[in-house]
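> Show me the folded form of this:
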Amino acid sequence: MPSIKSPTLADTWANKWEKHAKRDLYPFTFVPYVDAKRIMEKVIPIFESDMDAYTREFAAAAEPYEKLACEAEAKGDGATAQDNYLKAYGLYRTARFPCMNTPAKIDAYRKSQMCVLKAWSFDEVPPERIEMPFKGRPGEGNAVVGYLRVPKNAKWPAPVAIVWAGIDTFKEDNLHRSVMLFEGGIATLLIDMPGTGDSPIKGSEDAERQWDAVLDWIETRPDLDSTRVGGWGGSFGGYWATKVAHTHKDRFRGVISQGGGAHLVFSAPEIERAQKNGIPWGQSETRGNAFGCPTHEGWLAYAPRLSLLDQGILDRPSTSLLCVNGVKDPITPIADYYLVLEHGNPKEARFVANGAHMGRPMDGSPDPTDGIILDWMKRKLEVH
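Residues are numbered from 1 along each chain as shown. Take a look at the predicted model:
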């Protein structure tokens, strides 16, 4: 268990997650509420002594929906198959949450991938699974895996947004959220941030080199406009968004950093605040897992090396950068974005006064961030 006590699963469910489950929100997207409630009531009493029960129960609940989906697909009933594949995906995805640090979670992740791609295969433009060559170091992978969708109505070659998330949300989970960009005439290329999902490398002080492979690959596609590329990173992925906006400024028209840290988030006081306000598995343990140091103490020691201020990144020129977050974010200090605005060339920002992490309103009111992100990205990529 974490050295500094994290919220219990019981408290997390009672104070936040049950509300999310009822509204089909993170981390229960596509999970039927009846299943979420039944499983949580079974797992909560034993979670402290058997954390694996969480993964077992959610994965087991996915299997009947996966079977129903296969049967419907065999009968040619695409709508029913898609609905059940999405439910199975949601349950498998919840089973592997927050990160793949056990064999059972890895297995659940692979099954979630299969189900979500099956579900999207019924769409008019299904995702194209891409393997982009990556020249890694010894022990690293040789490809960045992504999902590409190019709108049929986009003017050829199409502008493209590279989209990635954080430590507990992978590219499969962004298929749904990136629809707004796709429907707005922007091709979407979904990838995982370093240390998560199918990323070929662990997080490190120079893991932004992963984006070299992605941007180089875009230049090989005649249907994609390599002169109109945008980036959007959410949660911890917002850290990488801020970084690549500086390190790769000549290859992006604009980058959105949503909910990401830059400097203070890696300090001991903020790490401890996040640990107390994070998730039952430990915010430090989950963040550290992406960087090869999956303990609170390990993350506490390693994290300061990631400071974009101390690395000198923030004082370098950047491409257009939009910073988005909630003023009351409990795990990533809003002060980090103020710091970003104080350095380098002028940036843009939109902060939600009553917003928590990622800018999601704390009172349950409509989330304004999707509209903000879509409008800004269309302007930067000149989509009319």
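
> quick one: which helix or strand includes Gly136?
Here Gly136, judged by DSSP states H and E, is contained in no helix and no strand.

> I should have written Ile372 there, sorry.
In this structure, Ile372 is located in helix 369-380 according to DSSP H and E.

> and that helix, what does it pack onto?
Helix 369-380 is packed against helix 179-183, strand 224-234, strand 254-258, strand 320-326, strand 348-352, with contacts defined by 3 or more C-beta pairs under 8 Å, 6 or more residues apart in numbering; DSSP states H and E. (C-beta placed from N, C-alpha, C; glycine too.)

> try 10 Å this time
strand 158-164, helix 179-183, strand 224-234, strand 254-258, strand 320-326, strand 348-352 (3 or more C-beta pairs under 10 Å, 6 or more residues apart in numbering; DSSP states H and E).

> How far off centre is that helix?
The gap between where helix 369-380 is centred and where its chain is centred comes out at 18 Å by C-alpha atoms, centre = their mean, to the nearest Å.

> If you count neighbours, what's buried in it?
Of the residues in helix 369-380, those scored as buried under the neighbour-count criterion (16 or more other C-beta atoms under 10 Å) are Thr369, Ile372, Ile373, Leu374, Trp376, Met377, Lys378, Lys380.

> is it possible to export those residues to JSON lines including pLDDT and distance to Arg96?
As requested, the buried residues of helix 369-380 are arranged in JSON lines below (pLDDT from 0 to 100; distance: C-beta to C-beta, whole Å):
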{"residue": "Thr369", "pLDDT": "97", "distance to Arg96": "25"}
{"residue": "Ile372", "pLDDT": "97", "distance to Arg96": "30"}
{"residue": "Ile373", "pLDDT": "98", "distance to Arg96": "26"}
{"residue": "Leu374", "pLDDT": "98", "distance to Arg96": "29"}
{"residue": "Trp376", "pLDDT": "98", "distance to Arg96": "32"}
{"residue": "Met377", "pLDDT": "98", "distance to Arg96": "29"}
{"residue": "Lys378", "pLDDT": "98", "distance to Arg96": "33"}
{"residue": "Lys380", "pLDDT": "98", "distance to Arg96": "33"}
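
> Dump the residues you listed to a markdown table, plus distance to Phe134.
Conversion of the buried residues of helix 369-380 to a markdown table gives the following (distance: C-beta to C-beta, whole Å):
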| residue | distance to Phe134 |
| --- | --- |
| Thr369 | 31 |
| Ile372 | 32 |
| Ile373 | 27 |
| Leu374 | 30 |
| Trp376 | 29 |
| Met377 | 25 |
| Lys378 | 30 |
| Lys380 | 26 |
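
> picking that back up, between the helices and strands packed on helix 369-380, which one is nearest to Ala119?
Shortest distance between Ala119 and the helices and strands packed on helix 369-380, using C-beta to C-beta, is found for helix 179-183: 12.8 Å.

> Check the average confidence over the closest one, would you?
Across helix 179-183, pLDDT averages out at 97.

> Run through who's touching that helix.
Outside helix 179-183, the residues within contact range by C-beta atoms under 10 Å, 6 or more residues apart in numbering are 123, 125, 127, 149-151, 153-154, 159-161, 163, 174-175, 186-188, 230, 232, 370-371, 373-374, 377-378, 381, 383.

> Please name the nearest non-neighbouring residue to Glu57.
Distances taken as C-beta to C-beta, 6 or more residues apart in numbering put Ile39 closest to Glu57, at 4.6 Å, once the chain neighbours are dropped.
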